[in-house]
Each structure stands twice: as C-alpha cells, then as structure tokens.
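Q: predicted model follows, preceded by the sequence.
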Amino acid sequence: MLKLNLGCGLNRLGPEYVNVDKVAAASPDVCHDLEVFPWPWATGEVTEAVFNHSLEHMGGHPAVFVQIMQELYRVCADGATVTITVPHPRHDHFLGDPTHVRVVTPEVLSLFSQANCRRWAEEGAANSPLAFYANVDFELVHRRYGLDQPFSGQLERGEVTAEQVDEAILYRNNIVREIRMTLKVIKP
C-alpha cells in the first residue's frame, strides 16, 4: 500500500513515503497540484497520508476544500490514517502568512464524520452535515495542541494548570502554536 506526504514543500519524509507538491522546485517525487482533480492515485490504495503544515494552504474556496476531502477519501483505504498538522488559527504563524487560505481545526474536521452528522441531525443542531453531502467518513481519533512559550514551559513546571491554559486558549492569541490531528478513514 501507499503512504503520501501531501504538500510536502521542502519537508520530505523518508523513502517509504511518496512526497507530493505542486512546486517542482521542491523536488517532490510526484509534482501535482492537490486542488486539481482527480489525484493520480487509484481508489483505496493509500494507507497513510500526511499534511504537515500544508492543508491550510489549500481549499480557499469551500467547494475546493470539500473536493480535497472527497479526493482524500477516495484514494484512502478503509482504516487509513490521515495526520494533519496546521498552525492554530489564532497564532501569529497562521495570521502572518498570506498563503494561508483555510482554517483547519478539530471542529472543522469533525464535520466530515458521518457519526457526528447523524448525532447532530438527531439533536436538531445546525452543524453542516458535510460528511453526508460529500459522501465521506473520517473519524477524528486524536488531537494534540502544541503550546507556545511561555505556556508550554509554565505548564511543564506546574506554574499554571491545564485548566488555566484551556481558559487562556479561549480568550487569547498565541497560546497554541499548532494543532496535530489524526483521522481514521471509515469505508463500508
């Protein structure tokens, strides 16, 4: 099976990965614009996909972002893992880069879970049932917030509690540097 490093830029992964980027100067294994469909892989052949600080550069138009998720779903096998690392949308690393066109958070990705969409429909919630509209199913199985200084050091030293950090995240910028999320592909 196949492992893809999507939007690799200069951050190539080892020989077990196919490094993909639209910029030939990055010397990818495969030069392909991931906003152009279909992608050059067969249905169900990918067992692992990685977006390392790349997905936030894609899908500025909502329809294109949904197509990226549909194409990712198509090429992935049942049970495949998708690891997405992005800057937090309220951090200067996100805000200061004009090529960042898409906020990607656990809440955004949860819209692509059929179980979540089903539950929200039963509750009468107003969440967009994107998993049903796009005919995809991704389960968010892990999320980790990479704290910026001084919060990461203060938390490690016990100077602040996790609850205090969580509260700061709600109201302040530059607390979380990046978000790392893992999705599991669910196919019938």
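A: Thanks, I have it.
Q: going forward, measure contacts and count neighbours with C-alpha atoms only.
A: Noted.
Q: just give the closest residue to Phe51, not the sequence neighbours.
A: Ile84 (4.8 Å; CA to CA, 6 or more residues apart in numbering).
Q: got a pLDDT number for the residue nearest to the spatial centre of the chain?
A: When CA atoms, centre = their mean is applied to the chain, the residue found nearest the centroid is Ile84 (3.5 Å). On pLDDT, Ile84 comes in at 98.
Q: kindly report the same for Phe112.
A: 98.
Q: how much space separates the nearest residue in space to it that is not next to it in sequence from Asp78?
A: Once flanking residues are discounted, Phe112 sits nearest to Ala131: 4.1 Å by CA to CA, 6+ apart. Using CA to CA, to the nearest Å, Ala131 is found at 16 Å from Asp78.
Q: Leu147 too?
A: 32 Å.
Q: export the top helix by length along the chain to PDB, keeping only CA atoms.
A: With secondary structure taken from DSSP state H, the chain has its longest helix at helix 62-75. Included here for helix 62-75 are C-alpha records, laid out as PDB according to Å, rounded to 0.1, in the frame of the first residue of the first chain:
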ATOM      1  CA  PRO A  62     -15.200  26.000   0.300                       C
ATOM      2  CA  ALA A  63     -16.100  23.800  -2.700                       C
ATOM      3  CA  VAL A  64     -12.500  23.100  -3.400                       C
ATOM      4  CA  PHE A  65     -11.800  22.200   0.300                       C
ATOM      5  CA  VAL A  66     -14.700  19.700   0.200                       C
ATOM      6  CA  GLN A  67     -13.300  18.300  -3.000                       C
ATOM      7  CA  ILE A  68      -9.900  17.800  -1.400                       C
ATOM      8  CA  MET A  69     -11.600  15.900   1.400                       C
ATOM      9  CA  GLN A  70     -13.600  13.800  -1.100                       C
ATOM     10  CA  GLU A  71     -10.500  13.000  -3.100                       C
ATOM     11  CA  LEU A  72      -8.500  12.100   0.000                       C
ATOM     12  CA  TYR A  73     -11.400   9.800   1.000                       C
ATOM     13  CA  ARG A  74     -11.400   8.200  -2.500                       C
ATOM     14  CA  VAL A  75      -7.700   7.400  -2.600                       C
END
